[in-house]
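Visitor: What would the 3D arrangement of this be:
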Amino acid sequence: MTADEFLVALAARDDLKMRDIFALAKEFTDLPLPEVERLLDEPDHAARVGAVSIMDFQARRRRTPEERRRELYELYLRRHDRIDTWDLVDRSAPYVVGGYLADKPRDVLYDLARSGAEMERRTAIVATYYFIRQDDTTDTFAIAEILVDDPEHLMQRAVGGWIREAGKRDPERLRAFLDTHAATMPRTALRLAVERLGADERAHYMGLAKQA
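Guide: Here you go, the predicted model:
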């Protein structure tokens with residue numbers, strides 16, 4: 001399997017949709033990492049969607065050895081310049097980054113959260129989705145504390161959406177976060193954070209923002 005073969009197969013698809021790219025990437029799950037990196041270097045966004053999807057499929061696969069998981073993680077961080085849109089981050093960060101760090105120190109996520117690059121900051125919180133699925137919400141809320149006032153719209157959506165998901169597992173921690181930040185956090189993030197709460201609680205927290 002080569003990157004060129006993937007690109008030829010990609011070009012042969014008419015009326016290309018995301019599900020088609022995902023399906024093709026699954027066929028190329030065994031693509032060697034140097035070839036995946038070649039896809040990341042492609043100017044065509046669809047090729048890069050294919051690259052991160054292949055990385056995701058390899059990271060999810062149970063029989064993938066730990067050494068390959070490390071290589072995927074390192075490739076992601078080393079070529080974050082090519083993983084530069086929200087959909088590329090969301091497609092791959094949870095398993096490629098979060099999955100690798102699940103049993104390791106997570107300091108790198110806090111460094112990314114303080115990055116000047118928006119998509120690196122997004123990786124920091126999106127990667128924690130893997131932890132949330134393991135009922136571990138500590139890093140999600142801690143990174144949200146760093147990002148809660150981020151001025152970028154896509155980051156506000158990430159913060160709100162991820163603490164909402166973490167709040168499904170730990171509603172008291174969500175309420176504690178909102179008690180501290182609801183009055184001042186961006187309304188985009190707040191609306192997403194409270195949308196699974198009861199009507200009275202939603203009104204309470206949105207009301208704090210209006211008063212502020």
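Visitor: Okay, domains of the protein per the record?
Guide: Per automatic domain parsing, the structural domains of the chain span 1-104, 105-212.
Visitor: okay if I get those as a markdown table plus mean pLDDT and mean neighbour count?
Guide: (Glycine included, C-beta is placed from N, CA and C.) A markdown table is the format used below for the domains of the chain (pLDDT from 0 to 100; neighbours: other C-beta atoms under 10 Å):
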| stretch | mean pLDDT | mean neighbour count |
| --- | --- | --- |
| domain 1-104 | 95 | 17 |
| domain 105-212 | 95 | 18 |
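Visitor: Show residues contacting the strand or helix carrying E172.
Guide: Applying DSSP states H and E as the criterion places E172 in helix 171-181. Under the criterion C-beta atoms under 8 Å, 6 or more residues apart in numbering, residues 137, 141, 144-145, 148, 163-164, 166-167, 190, 193-194, 201, 205 lie in contact with helix 171-181.
Visitor: now swap in stretch 143-158 and tell me
Guide: By C-beta under 8 Å, 6+ apart, stretch 143-158 touches 86, 109-110, 113-114, 118, 121-122, 124-126, 128, 159, 162-163, 177, 181, 184-186, 188-189, 192.
Visitor: just stretch 63-78 next, same as before
Guide: Contacts to stretch 63-78, defined as C-beta under 8 Å, 6+ apart, come from residues 33, 36-37, 55, 58-59, 83, 92-93, 96-97, 99-101, 108, 123.
Visitor: distance between it and the chain's centre?
Guide: 16 Å (C-alpha atoms, centre = their mean, to the nearest Å).
Visitor: Could you look up the SS state of the residue lying closest to R164 once chain neighbours are set aside?
Guide: Distances taken as C-beta to C-beta, 6 or more residues apart in numbering place A193 nearest to R164, at 5.2 Å, with adjacent residues excluded. Classification of A193 by DSSP: H, G, I helix; E, B strand; the rest coil places it in helix.
Visitor: Tell me which residue is most central in this protein.
Guide: Nearest residue to the geometric centre of the chain (C-alpha atoms, centre = their mean): V126, 3.0 Å.
Visitor: returning to that earlier point: how much space separates the residue nearest to R164 from E165?
Guide: Applying C-beta to C-beta, to the nearest Å, the value for A193 to E165 is 10 Å.
Visitor: go on, A144?
Guide: In terms of C-beta to C-beta, A144 sits 11 Å off from E165.
Visitor: thought A166 was touching A142?
Guide: No. Contact criterion C-beta atoms under 8 Å: A166 and A142 do not qualify, at 10.5 Å.
Visitor: so what's V126 closest to, chain neighbours aside?
Guide: Excluding its sequence neighbours, the residue lying closest to V126 (C-beta to C-beta, 6+ apart) is A93, at 4.3 Å.
Visitor: need the contact list for the one you found.
Guide: Taking C-beta under 8 Å, 6+ apart, we find A93 in contact with 76, 122-123, 126-127, 129.
Visitor: Okay, and R82 sits in which element?
Guide: Judged by DSSP H and E, R82 forms part of no helix or strand.
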